[in-house]
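Asks: sequence plus predicted model, see below.
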Amino acid sequence: MYVRLSARGAIEACRGILNSYVKNAIIVIRPPGYYAEHDELIGFYLFNNVPIAVKAY
């Protein structure tokens, strides 16, 4: 559940920037995901939020 909320926050930030609703965004989310790799887990990073947001847009 929290992974979905975290990814949704990244998606909404991406949409806001690309639709010019905001100039920049900082998202403070848990669980973080920016260190996750496509083929291995690093610590507790399960999903990388950045590619999720880009692909969703």
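Replies: Yes, it's here.
Asks: not counting sequence-adjacent ones, nearest residue to the residue minimising distance to the centre of the chain?
Replies: With distances taken as CA atoms, centre = their mean, the residue of the chain nearest its centroid is N49 (2.6 Å). Of all residues not flanking N49 in the chain, A10 sits nearest, at 3.9 Å (CB to CB, 6 or more residues apart in numbering). Backbone N, C-alpha and C define where each C-beta goes, glycine included.
Asks: how close does the one you found get to I29?
Replies: Computed as CB to CB, to the nearest Å, the A10 to I29 distance reads 7 Å.
Asks: check the contact lists of the two and give me the overlap.
Replies: Shared contacts of A10 and I29, defined by CB atoms under 8 Å, 6 or more residues apart in numbering, comprise N49.
Asks: looking at these two, which one has more neighbours?
Replies: With neighbours defined as other CB atoms under 10 Å, A10 and I29 compare such that A10 has more, 23 against 17.
Asks: count the neighbours of G33 for me.
Replies: 21.
Asks: any idea how far it is from Y2?
Replies: Noted for G33: a distance of 11 Å to Y2, by CB to CB.
Asks: kindly report the same for N19.
Replies: 26 Å.
Asks: follow-up on the earlier one: tell me who's in contact with the residue nearest to the centre of the chain.
Replies: Going by CB under 8 Å, 6+ apart, the list of residues near N49 reads S6, A7, G9, A10, I27, I29, P32, G33, Y34.
Asks: columns distance to K55, secondary structure and pLDDT on top of these, output as a markdown table?
Replies: Formatted as a markdown table, the contacts of N49 follow (distance: CB to CB, whole Å; DSSP: H, G, I helix; E, B strand; the rest coil; pLDDT from 0 to 100):
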| residue | distance to K55 | secondary structure | pLDDT |
| --- | --- | --- | --- |
| S6 | 15 | helix | 86 |
| A7 | 10 | helix | 86 |
| G9 | 15 | helix | 90 |
| A10 | 11 | helix | 89 |
| I27 | 16 | coil | 88 |
| I29 | 17 | coil | 85 |
| P32 | 18 | coil | 74 |
| G33 | 13 | coil | 72 |
| Y34 | 15 | coil | 67 |
